[in-house]
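# got a structure for you, letters missing:
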């Protein structure tokens, strides 16, 4: 009898082996996936070959369960007896936002620290050697952008500076740069620290954005600052002060900043080519408030105000005895209100409201050696004495709704309304242009699997000013070819209405049009990224000027052109500790026939080869970073187009400039780095452009008769900057973490 | 009859033993496996085994705790591992454990594991992740200290963090030493219950020795 009892007991502990293969739906093993008997302790994990094996003491009807992150779990009923059981298991991959491929064709997403494709965040921007904390200057080191020294704007893939548009939190920025002086580079109005993410798209961008023929710079402002702080910046050129307050509950913040720029001291030390009769002076103020809504949404308001004055004299190209005196007064006010909200049920909403006004008062005089205005009765002098006042106003509203469809696929749609008023007064004659511009757009992100995604969209636009509509389709596809590697392709049609300077003369014009084709390969890890892109772009309906005299042209849409090329990008933060570098190379083959061009010509803003090498090395023991940026571009063409007196332009002279080399350097000393809770955080910054003292020639200005040409270059060989920036703050991170736990 | 009663008694005592000590035995067996584990797959196997116990028991926090702890091991050493995915997995397990733990002291143990997960995410890119994951990890540690100021592992982790931070960033041996000394003292006084965490003493002593 006792023997029976002991037998029963041992029976109770007899073990049955369960084993088999565990693979995904493509037959690849999933090492580490777990297999078990539901509600028991018994189970095992799959090895690198996809084999699993375990033994169990459970008996009878049980459920075998297999799980792994990113896969749908598998369940099967089994009956356990004394014989080994073989169960082969297939786990299906779940669509997940973390794993799924994102369509990257044409764009450099930057700032999103969780995505591997991070390219530029605000620290990256301010530590580009010689970039002087200008977003555009940093973006110019990425492939696709040209080195155009006489302009601060972004010239991308054979497009003009006007063909690149900037968007902040979804809405178009009408005057993203400080008003420029002819032939002198300007800079962007916005500080890199305003933004958490920057997407530089060199083409093929989403249907949410319009009015940009070549490129879009999409900036996303920060939500709440990390802490309350007072700040001060001191330098011989600029004095800034500001305060930001983060509420104790970390749900709202507000801030104000003011900056004053005066170049008088600097220009007295570093001699400038032009003779400044009014030293450049800028007042900049900005203010913001931001708060989180109850449902987890975010409302942000940002406003900036700027007033500037400057005046300079340069020798006149037609007469050695005379000078051109150019004066500029600018007033700019920009407002952006955005509201992002989760509406529930998979719906999201983005609303944007904007108002901006920009006034430029420009006076141009021909002056003699006593700086008195003169009016020589010569054909070359007629267009050299003028005053022009331009007031540009833009009011806009944009709404985008987003809805999660099946899986992680999404649809996005919405509309925008832009109301442009442009007043131009030239020598007392006023013209007003009003445009009621509307668009509706829709796009969908479709994930077929985690490895294959498509973005399909389109936008419909109507401009009341030119009284024309357009329909622009956009399609892109991405296919994952390995861990962190993808191939993607994009196609799209892009429209842009003609410039105001042309619309003043006639509004009987079509949209200008570009068709983009892009193929991208990218492989990225957290610390390294390699990317190559080939593109072809076709331009149609570009604005063409048909001359009717030396001073007047008629505009039509008979222009055209193309651009094609290949680009490479490599960034590596890993190979050497504390050393970060990137290399961009762009090859560009482009020709266009537009404005006064006589035929399809390589435009004067297009260099065939452009190379940028950006290096940043931080030495922790001296708490100092050294940053070098080297850019090289082959020469650009230049032309002298002359009116032939018979309704045509001819090329009186042409050539190619010498190549462009620039080595920029900056150093930053950060004594408070790494301290967890510093009361005072400060940085000492020094920078210089063109370290090697290269003589730049960006192009030539020709005299009226074509006999004299003057090189266009920078106002001084180098630009130096030194400054100290302080921030006193109360770190609330600790409070917030404690409150949330 | 006597024999039969004896047999039945024997059988029922075996069965009772089986019921009550099944958990302890399985946990002890897994802890032994944990001690002998070397590769990433080993640790993932240990973690899965602990998780199965947790899923079956439904009221015990220790199985999930050890599942998370096992996954921190490859998080330090395996360069090919997806650190973010691994850390998020650890945090999920910790949250499950936290839901079942009742004592503040137990919750403090769990936060120590969460601290390691956040630290491992920070180490992916310390320069840009210091302000997010570094602060997150520090937050877990300070919260844990409020819940149980006498847990030696909290001071060991804090000391190790300071030890590994360059001197110019506010770390270094001199600053780590007093914290590690406190950890070692607390380890000596620590008397963990059966199956409760007891790791870190030797590492803390070795690290302290390097500070001398």
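Cool, got the structure. Every value quoted in this text rests on a predicted model; they were computed, and no experiment measured them.

# going forward, measure contacts between C-alpha atoms and count neighbours the same way
OK.

# can you list the residues of the stretch 401-550 of chain A near chain B?
Counting by Cα under 8 Å from any Cα of the partner chain, the residues of the stretch 401-550 of chain A close to chain B are A:526, A:527.

# can you give me the strands in the stretch 401-550 of chain A?
Taking DSSP state E, counting those that start in this stretch as the test, the strands found in the stretch 401-550 of chain A are A:410-426, A:429-449, A:452-463, A:468-482, A:485-496, A:512-524, A:528-547.

# partners of the first one in the sheet?
Each strand paired with strand A:410-426, and its direction, by DSSP bridges: strand A:386-404 (antiparallel), strand A:429-449 (antiparallel).

# okay if I get the ones you listed as a markdown table plus distance to residue B:210 and mean neighbour count?
Listed next are the strands paired with strand A:410-426 as a markdown table, based on distance: least, Cα to Cα, whole Å; neighbours: other Cα atoms under 10 Å in any protein chain shown:
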| stretch | distance to residue B:210 | mean neighbour count |
| --- | --- | --- |
| strand A:386-404 | 55 | 19 |
| strand A:429-449 | 52 | 18 |
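
# Distance to residue B:184 and mean pLDDT added to the ones you listed, as CSV?
Converted to CSV, the strands paired with strand A:410-426 look like this (distance: least, Cα to Cα, whole Å; pLDDT from 0 to 100):
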stretch, distance to residue B:184, mean pLDDT
strand A:386-404, 53, 96
strand A:429-449, 52, 94
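
# So for residue B:140, which of these sits nearest?
Residue B:140 lies closest, by Cα to Cα, to one member of the strands paired with strand A:410-426: strand A:386-404, at 33.8 Å.

# So which bits of the strand or helix carrying residue B:97 are buried?
Using DSSP states H and E, residue B:97 sits within helix B:83-100. For helix B:83-100, the neighbour count (16 or more other Cα atoms under 10 Å in any protein chain shown) marks B:83-84, B:86-91, B:93-98, B:100 as buried.

# so which of the residues you listed comes closest to residue A:241?
Nearest to residue A:241 out of the buried residues of helix B:83-100 is residue B:84 (Cα to Cα; 38.8 Å).

# from what I can see the closest one touches residue B:123, true?
No: using Cα atoms under 8 Å, residue B:84 is not in contact with residue B:123; the gap is 10.3 Å.

# from the buried residues of helix B:83-100, which is closest to residue B:61?
Using Cα to Cα, the buried residues of helix B:83-100 come closest to residue B:61 at residue B:97, 4.4 Å.

# who touches the most centrally placed residue in chain B in this structure?
Central residue of chain B (Cα atoms, centre = their mean): residue B:69, 4.0 Å from the mean position. The contact partners of residue B:69, by Cα atoms under 8 Å, 6 or more residues apart in numbering or on different chains, come to B:47, B:90, B:113.

# just to revisit the earlier point, of all the buried residues of helix B:83-100, which comes closest to chain A?
residue B:89 (8.4 Å; Cα to the nearest Cα).

# okay, the closest one: pLDDT?
If you check residue B:89, the pLDDT there is 92.

# State the phi and psi torsions of the residue nearest to it when sequence neighbours are not counted.
Once flanking residues are discounted, residue B:89 sits nearest to residue B:68: 7.6 Å by Cα to Cα, 6 or more residues apart in numbering or on different chains. Dihedral pair for residue B:68: phi -70, psi -40, per degrees, to the nearest 10.

# on that earlier part again, could you check the angle the strand or helix carrying the residue nearest to the centre of chain B makes with helix B:83-100?
Taking DSSP H and E as the definition, residue B:69 sits inside helix B:62-77. Angle, helix B:62-77 to helix B:83-100, by axes from the mean of the first three to the mean of the last three Cα atoms, to 10 degrees: 160 degrees.

# related to what we said a few turns ago, nearest to residue A:655, out of the strands paired with strand A:410-426?
Set against residue A:655 and scored by Cα to Cα, the strands paired with strand A:410-426 come closest in strand A:386-404, at 30.8 Å.

# Return the distance of the closest one from the chain's centre.
18 Å (Cα atoms, centre = their mean, to the nearest Å).

# what do you get for stretch A:636-653?
The chain centre lies 36 Å from the centre of stretch A:636-653; the measure is Cα atoms, centre = their mean.

# and chain B, what are its domains?
B:37-148, B:150-212 (automatic domain parsing).

# Most tightly packed of the ones you listed?
Highest mean neighbour count among the domains of chain B (mean count of other Cα atoms under 10 Å in any protein chain shown): domain B:37-148, with a mean of 21.

# quick one: terminal-to-terminal distance for it?
Length of domain B:37-148, first residue to last, Cα to Cα, to the nearest Å: 30 Å.

# tell me which helix or strand of the chain sits lowest on mean pLDDT?
Using chain A here. Lowest on mean pLDDT, DSSP states H and E among the helices and strands of chain A sits helix A:733-740, with a mean of 39.

# any weak-confidence spans in chain B?
For chain B, the stretches with pLDDT under 70 are B:1-20.

# and the next element down the chain from the host helix or strand of residue A:78?
Using DSSP H and E, residue A:78 falls within strand A:74-80. Downstream of strand A:74-80, the first helix or strand assigned by DSSP H and E is strand A:85-86.

# now for the very next helix or strand once past that following strand, which elements pack on it?
Counting by DSSP H and E, the element after strand A:85-86 in chain order, helix or strand, is strand A:89-91. Packing contacts for strand A:89-91, counted by 3 or more Cα pairs under 8 Å, 6 or more residues apart in numbering or on different chains; DSSP states H and E, involve strand A:16-24, strand A:60-67, strand A:74-80.

# Buried residues in the last one, which are they?
When neighbours are counted by 16+ other Cα under 10 Å, the buried residues of strand A:74-80 are found to be A:74, A:75, A:80.

# Also the first one?
For strand A:16-24, the neighbour count (16+ other Cα under 10 Å) marks A:16, A:17, A:18, A:19, A:20, A:21, A:22, A:23 as buried.

# cool, the second one as well?
Burial within strand A:60-67, assessed by neighbour count using 16+ other Cα under 10 Å, is assigned to A:62, A:63, A:64, A:65, A:66, A:67.

# of all those, which comes closest to residue A:188?
For the buried residues of strand A:60-67, the nearest to residue A:188 is residue A:67 (51.8 Å; Cα to Cα).

# Can you verify my assumption that the closest one contacts residue A:38?
No: between residue A:67 and residue A:38 there is no contact under Cα under 8 Å: 11.3 Å.

# if you skip the residues just before and after it, what's nearest to residue 84?
No chain specified, so I'll use chain A. Leaving aside its sequence neighbours, residue A:84 sits nearest to residue A:17 (Cα to Cα, 6+ apart; 4.7 Å).

# think we crossed wires, I meant chain B
Using Cα to Cα, 6+ apart, the closest residue to residue B:84 is residue B:121 (5.8 Å).

# Quick one: residues contacting the one you found.
Counting by Cα under 8 Å, 6+ apart, residue B:121 has contacts B:83, B:84, B:87, B:129, B:133.

# Tell me how far the third one lies from residue A:70.
Read it as residue B:87. On the measure of Cα to Cα, residue B:87 and residue A:70 end up 15 Å apart.

# Repeat that for residue A:25.
13 Å.

# swap in residue A:164?
Residue A:164 is 40 Å from residue A:70, by Cα to Cα.

# Residue A:465 now?
52 Å.

# now swap in residue A:484 and tell me
Going from residue A:484 to residue A:70 by Cα to Cα gives 16 Å.
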